[in-house]
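**Student:** heads up, no residue letters with this:
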Ligand code: OGA
Ligand code: NI
């Protein structure tokens, strides 16, 4: 069988950005030839396989934050947010103000892209020395196990980081849907950042003042059905390199799991909500008070699952390190060294996804 590798030419002058990743076949295409196939390259080592059977910790729920209460500066809701960040690193937000229509359009645009013929999708394919575009990232060795997932990564903010070479511009409505969704998510992220600023001992503009204009990137994950979800992983355990991430997930299909007190638990979808998780950059800035938590996605036999992750990040040239307000020589010594954000993100993209291994570079 001929494997269709998602491939674009390597162009001169590229590759000086965030990183690169080996080119790999599209799992969606492999399954078009044989929907039951589970190629060896996707079968995880025994120790890494997910437990698909009944989840013993079904009763545990990721905290839910009512965003409209935060807007009213409700002290109880702010305390809930603080606890969610400390104890979970994850929360789901409801009443976030993003109109349902905008989320529906975004999901439809993503679905329309992944339903295109392979040849069409390949026009947006990432090159080996790029991380934007259609394909897969974090593949650094031919021997490494692959995730049961195809993805599309696009930078969306600041405007000048948009590289339309990787956007399916001929797909009706795609560009508009991504732009509109990203603009709305930016508003939500501004409110999250204002709240986190205050919780980290600053005024509400504290993070913006320290970090300048935030960058935003969108990762669309397409997880095809799998005849043996017990053998594979949709996305390997990792923490995000962002400040924080907002995830729009399928309203019905479970897939996202987070590691809470050493146990994998499902982040069960709440329709129209957004899942928010703390990324490595906030862990570093908060001097470890808020942790970026390991998470993964599992696949399923019944339906393809799609998710849309928006990463909110500092600018490339910004130095990140524990905030003065989070360090105290006596009681809260610095746990992380300072690092330029692009150096941090480059070394994250240089490794396979492997839990929090990539965070070692900043730990003191
Ligand atoms: C990610 C991610 C989880 C999911 O894209 O970083 O963790 O449920 N996705 O798709
Ligand atoms: Ni993630």
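**Tutor:** Received it, and whenever you're ready, just let me know what you need. Bear in mind the structure is a predicted one, so any value in this text is a computation, not a measurement. Ligands and ions are numbered 1, 2, ... in the order given.

**Student:** okay, now the closest residue in space to residue 205 that isn't next to it in sequence: neighbour count?
**Tutor:** Counting by Cβ to Cβ, 6 or more residues apart in numbering, residue 205 lies nearest to residue 197, which is 6.7 Å off, once chain neighbours are set aside. Bear in mind the C-beta positions are built from the backbone N, C-alpha and C, glycine included. By the criterion of other Cβ atoms under 10 Å, residue 197 has 21 neighbours.

**Student:** need the contact list for residue 197.
**Tutor:** Residue 197 makes contacts with 203, 204, 205, 206, 207, 208, as judged by Cβ atoms under 8 Å, 6 or more residues apart in numbering.

**Student:** for residue 249, same thing?
**Tutor:** The neighbours of residue 249, taking Cβ under 8 Å, 6+ apart as the test, are 255, 256, 267, 269, 275, 305, 307, 308.

**Student:** Name all residues that make contact with the third one.
**Tutor:** Meaning residue 267. Here residue 267 is in contact with 62, 90, 92, 249, 256, 257, 258, 275, 295 (Cβ under 8 Å, 6+ apart).

**Student:** circling back to that earlier point, for the contacts of residue 197, which one is nearest ligand 1?
**Tutor:** residue 207 (21.0 Å; Cβ to the nearest ligand atom).

**Student:** So the closest one, which state does it fall into?
**Tutor:** helix (DSSP: H, G, I helix; E, B strand; the rest coil).

**Student:** quick one, phi psi at the residue nearest the centre of the chain?
**Tutor:** Residue closest to the average C-alpha location in the chain (Cα atoms, centre = their mean): residue 309, at 4.5 Å. Backbone torsions of residue 309, given as degrees, to the nearest 10, read phi -100, psi 130.

**Student:** Burial check on the closest residue to it other than its chain neighbours, number of neighbours?
**Tutor:** Once flanking residues are discounted, residue 309 sits nearest to residue 219: 4.5 Å by Cβ to Cβ, 6+ apart. Neighbour count for residue 219, taken as other Cβ under 10 Å: 19.

**Student:** quick one, strands of the stretch 201-350 of the chain?
**Tutor:** If DSSP state E, counting those that start in this stretch is used as the criterion, the strands of the stretch 201-350 of the chain fall at 215-223, 235-238, 244-249, 256-260, 263-266, 274-278, 295-297, 305-313, 319-320, 339-340.

**Student:** Kindly apply the preceding question to the stretch 51-200 of the chain instead.
**Tutor:** 64-66, 90-94, 133-135, 150-157.

**Student:** so what secondary structure elements neighbour the longest one?
**Tutor:** Judged by 3 or more Cβ pairs under 8 Å, 6 or more residues apart in numbering; DSSP states H and E, strand 150-157 is in contact with helix 100-115, strand 133-135, helix 174-199, strand 215-223.

**Student:** Surely the residue nearest to residue 309 and residue 153 touch.
**Tutor:** Yes: judged on Cβ atoms under 8 Å, residue 219 makes contact with residue 153 at a distance of 4.8 Å.

**Student:** Against residue 77, how distant is the residue nearest to residue 205?
**Tutor:** Using Cβ to Cβ, to the nearest Å, we find residue 197 at a distance of 16 Å from residue 77.
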